[in-house]
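Engineer: The following block contains a protein sequence and its predicted model.
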Amino acid sequence: MAFTSNLPATDRSRDISQPVEKLAPEEALKVGSDYLAGGISDDLADEITGAVDEGNNKLMKFHGIYMQDDRDIRDERRHQKLEPAYTYMLRARMPGGVCTPEQWLKIDELGRAYGNDQFRLTTRQTFQFHYLLKDSLRLIMEGLRDVGVDSKAACGDVARTVMSGVNPGLSKLHKQVYEQAQKTSDHAIHQTSAFEEVWFNEKPAEPRGENEEPFYGKQYMPRKFKIGFAIPPSNDIDIYSQDLGFIAVSSRGKLKGFNVCVGGGMGRTDRAPETYPRLSDVIGYIEVDQLLDTVDAVMAVQRDFGARDVRAHARFKYTVDDKGVDWIKAAIEDFAGFGLQPAKPYEFDTNGDLLGWVTGDDGLEHCTLFIENGRIINREGLPLLDGLRAIARTGKCIFRMTPNQSVVLSDIAPADRPEIESLLKEYGIGQEAISSGLRANSMACVALPTCHLAMAESERYLPELVTKIEGQLAKYGLMEEPITIRMTGCPNGCARPYIAEIALTGRAPGKYNLYLGAGFHGQRLNKMLLENVGEDKILETLEPTFAAFAKDRQPGEHYGDFVVRTGVVPEVKEGRFFND
Ligand code: SRM
Ligand code: SF4
């Protein structure tokens, strides 16, 4: 299909030509923000309120910060006629989830000082602080800067933290791919000097002008844009959920290029069938040296053709469906100035983490720990915060945050392994925490009490529900069986629920939609079975599926495939979600 663009492919500084009044209000906000500075500094200086105004709150997302309020005490505060208990979430940018022990110690220190003695690992391989007060934000930014970490591009309408297959022990390609992910992150990040001005009071030498954002212009992307790199056979980063995904292709241990996937995304809204999760399409293959041009080209297509009038339609997945995959591919090739080659064969076998120790080809040791739902905190019997700090203090491993909210202690010299093992034992961290294959493959988003979009519990409830489901699995001899289960407090999909074999998305307190039947390695979306149901109904529905699975499964068959094959989930087509 011919690509017809009214834009010169080389003009990357152009602003979108439509008048901003016709666009979503966020577009005018971005244009009028002086490249994201807005009035954030004034709001930070205002001591009368713990809040910032709505526009500045939206702009602060581009700086990695969200204003929140503690929902557990929202009603009580309202009754007392007090303003909500405003706090802030700050998310850092950590391409590929790689964190040195020095950085870990700083994160630990800041979490103890300002973040309620905790921090949270996320589904995109980075960490967040919650419960921050407005007057601590600059201190945190400074603390992070001391160890070379920032929160640019962790949120907002830009290319977000770039993900990369996590475990160096699993593939010779890991280091090579990670380097490309890091390069991509540095390349795609926005440039504005507003970040340094707002947080470090560093005035730019020149007033911000037309060249401040050579790629993004004043309007940045229409919406968030997510990029990830997968290293087969592990699909730990859930490649098909990324706006732009790269699947590593190699020959004799050397990275040759990438299959390119476009148009993935999870978010949907209940009762809005025009919103839906979508798995990306593999559109071709590129050589390694074509990577950054391809990133530019794909992002330029979305920048210039993504919807800017209706925000709920602004993700790349909708542009891909509106224009058609062939048109999108031709547009990418036109911007890039080269054609994509046919995709190369590849195979995935899981989207989970391989827990426990592995030895890499280079003889280094790597240990993946299961961190239930990513919360790093001291709990009775499991002092995770203290234990991981003790390990970081040895300086003898790198911390790598996994796409499943866990952590790999990596690059450990064989002689240092006993010391790390003994610390894990001393603090009770490790495999003992994992009671079943279901728990090992479970993931829940943050939800209550900090997420203002949550309609139901998630992180605080999934562990308890898993224990109840384990009661059923034990009955049918399925405790060891790896089954993916993911829960979110709303349909936005932050734990990528629509590619879990069992998924629950929150509708109201104690009420969830139940989905079954996704592919074990994230290759097929699941299907909604029940809407707005409580725990009893969920357990009652699941039990017979486990009984049948134990009895009638084929050799090696995964639970998700079984429920589709046997008709528990009728009409699930390969790679498509068509519930609504
Ligand atoms: Fe998310 C919004 C938490 C990964 C789709 N997400 C939010 C906000 C910021 C709520 C808000 O807008 O006020 C949540 C903050 C809660 C809190 O208190 O911390 C939030 N999202 C998270 C995290 C922390 C979940 C977790 O438990 O780990 C993840 C942080 C990742 C990171 O480090 O960057 C997180 N969010 C995701 C993912 C998974 C992924 O990217 O691999 C998705 C689905 C993929 C996708 O984008 O399609 C995701 N989050 C959303 C959406 C729906 C977007 C859409 O296209 O409709 C929203 C709502 C929005 O943007 O308007 C959202
Ligand atoms: Fe919040 Fe919904 Fe994301 Fe969970 S899925 S963190 S409830 S936005």
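Structural biologist: Received it, and whenever you're ready, just let me know what you need. Ligands and ions are numbered 1, 2, ... in the order given.

Engineer: Now for the spatially most central residue of the chain: which residues touch it?
Structural biologist: Nearest residue to the geometric centre of the chain (CA atoms, centre = their mean): residue 124, 3.0 Å. Residue 124 is in contact with 160, 161, 163, 226, 403, counting by CB atoms under 8 Å, 6 or more residues apart in numbering. Placement of C-beta: from N, CA and C, glycine included.

Engineer: who wins for most neighbours among these?
Structural biologist: Among these, residue 163 has the most neighbours (other CB atoms under 10 Å), with 31 neighbours.

Engineer: I'd like the distance between the closest residue in space to residue 101 that isn't next to it in sequence and residue 463.
Structural biologist: Leaving aside its sequence neighbours, residue 101 sits nearest to residue 392 (CB to CB, 6 or more residues apart in numbering; 4.3 Å). Going from residue 392 to residue 463 by CB to CB, to the nearest Å gives 25 Å.

Engineer: of those two, who's got more company?
Structural biologist: More crowded of residue 392 and residue 463, by other CB under 10 Å: residue 392, with 22 against 15.

Engineer: Could you list the low-pLDDT ranges of this structure?
Structural biologist: For the chain, the stretches flagged by pLDDT under 70 are 1-21, 431-433, 571-580.

Engineer: Show me which residues of it sit near ligand 1.
Structural biologist: 66, 68, 89, 91, 122-124, 126, 128, 154, 160-161, 226, 241, 265-267, 315, 374, 405, 445-446, 450-453, 492-496 (CB under 6 Å from any ligand atom).

Engineer: name the helices or strands packed onto whichever strand or helix holds residue 106?
Structural biologist: Using DSSP states H and E, residue 106 falls within helix 101-114. Counting contacts by 3 or more CB pairs under 8 Å, 6 or more residues apart in numbering; DSSP states H and E, helix 101-114 packs against strand 119-121, strand 127-132, helix 137-146, helix 384-394, strand 398-401.

Engineer: would you turn the ones you listed into CSV with distance to residue 38?
Structural biologist: Formatted as CSV, the helices and strands packed on helix 101-114 follow (distance: least, CB to CB, whole Å):
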stretch, distance to residue 38
strand 119-121, 26
strand 127-132, 19
helix 137-146, 15
helix 384-394, 34
strand 398-401, 30
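
Engineer: Can you say which of those is nearest to residue 33?
Structural biologist: helix 137-146 (18.0 Å; CB to CB).

Engineer: in its sheet, what does the very next helix or strand once past the closest one sit against?
Structural biologist: Once helix 137-146 ends, the next helix or strand along the chain (criterion: DSSP H and E) is strand 163-164. When sheet partners are counted by DSSP bridges, strand 163-164 sits next to strand 227-230 (parallel).

Engineer: List the neighbours of the strand it pairs with that are in contact with it.
Structural biologist: With contacts defined as CB under 8 Å, 6+ apart, strand 227-230 is touched by 96, 159-160, 162-165, 177-178, 180-181, 184-185, 188, 236-239, 242-248, 258, 295, 348.

Engineer: can you give me the strands in the stretch 1-150 of the chain?
Structural biologist: Taking DSSP state E, counting those that start in this stretch as the criterion, the stretch 1-150 of the chain carries its strands at 65-69, 86-91, 98-99, 119-121, 127-132.

Engineer: I'd like those strands laid out as TSV, including mean neighbour count.
Structural biologist: As requested, these are exported to TSV (neighbours: other CB atoms under 10 Å):
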stretch	mean neighbour count
strand 65-69	22
strand 86-91	23
strand 98-99	23
strand 119-121	23
strand 127-132	24
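
Engineer: Could I get these in CSV, plus columns for distance to ligand 2?
Structural biologist: Converted to CSV, the strands of the stretch 1-150 of the chain look like this (distance: least, CB to the nearest ligand atom, whole Å):
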stretch, distance to ligand 2
strand 65-69, 10
strand 86-91, 10
strand 98-99, 22
strand 119-121, 10
strand 127-132, 10
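
Engineer: wait, which of those is closest to residue 438?
Structural biologist: With CB to CB as the criterion, residue 438 lies closest to strand 119-121 of the strands of the stretch 1-150 of the chain, at 19.9 Å.

Engineer: Select the longest helix from this structure.
Structural biologist: Secondary structure of the chain per DSSP state H: the longest helix is helix 535-552.

Engineer: Show me what it is packed up against.
Structural biologist: Counting contacts by 3+ CB pairs under 8 Å, 6+ apart, helix 535-552 is packed against helix 462-475, strand 511-516, strand 527-533, helix 559-565.

Engineer: Return the list of strands paired to the shortest one, each annotated with direction.
Structural biologist: Which is strand 511-516. By DSSP bridges, strand 511-516 pairs with strand 502-508 (antiparallel), strand 527-533 (antiparallel).

Engineer: tell me the angle that strand makes with helix 462-475.
Structural biologist: 40 degrees (axes from the mean of the first three to the mean of the last three CA atoms, to 10 degrees).

Engineer: Run the chain-centre distance for strand 511-516.
Structural biologist: Chain-centre distance of strand 511-516: 21 Å, with CA atoms, centre = their mean, to the nearest Å.

Engineer: before we move on, what about the longest one?
Structural biologist: Relative to the centre of its chain, helix 462-475 is centred 26 Å away, using CA atoms, centre = their mean.

Engineer: Show residues contacting it.
Structural biologist: So helix 462-475 is in contact with 372-373, 435-436, 438-439, 442, 444, 479, 481, 485, 487, 504, 535, 538-539, 542-543, 546-547, going by CB under 8 Å, 6+ apart.

Engineer: right, is the helix or strand following that helix up against ligand 2?
Structural biologist: Using DSSP H and E, the helix or strand that directly follows helix 462-475 along the chain is strand 485-488. Yes. On the criterion CB under 6 Å from any ligand atom, strand 485-488 is in touch with ligand 2 at residue 488.

Engineer: Report the distance from strand 485-488 to the chain centre.
Structural biologist: Using CA atoms, centre = their mean, the distance between the centre of strand 485-488 and that of its chain works out at 14 Å.

Engineer: Pull up the pairing partners for it, direction included.
Structural biologist: For strand 485-488, the paired strands and their directions (DSSP bridges) are strand 442-444 (parallel), strand 502-508 (parallel).

Engineer: May I have that strand exported as CSV, CA atoms only?
Structural biologist: Extracted C-alpha coordinates of strand 485-488, given in CSV (Å, rounded to 0.1, in the frame of the first residue of the first chain):
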residue,chain,number,x,y,z
ILE,A,485,-2.4,-15.2,37.3
ARG,A,486,-2.5,-11.4,37.3
MET,A,487,-4.8,-8.9,39.1
THR,A,488,-5.4,-5.2,38.6
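
Engineer: which residues are in contact with it?
Structural biologist: With CB under 8 Å, 6+ apart as the criterion, strand 485-488 contacts 438, 441-445, 447, 458, 461-462, 465-466, 469, 494-497, 500-506, 512.

Engineer: Report the buried residues of stretch 448-466.
Structural biologist: By 16 or more other CB atoms under 10 Å, the buried positions in stretch 448-466 come out as 448-451, 454-459, 461-462, 465-466.

Engineer: Pull the most distant pair out of the residues you listed.
Structural biologist: Spanning the widest gap among the buried residues of stretch 448-466 are 450 and 466, at 21.6 Å by CB to CB.

Engineer: nearest spatial neighbour of residue 46, skipping sequence neighbours?
Structural biologist: Distances taken as CB to CB, 6+ apart put residue 52 closest to residue 46, at 7.9 Å, once the chain neighbours are dropped.
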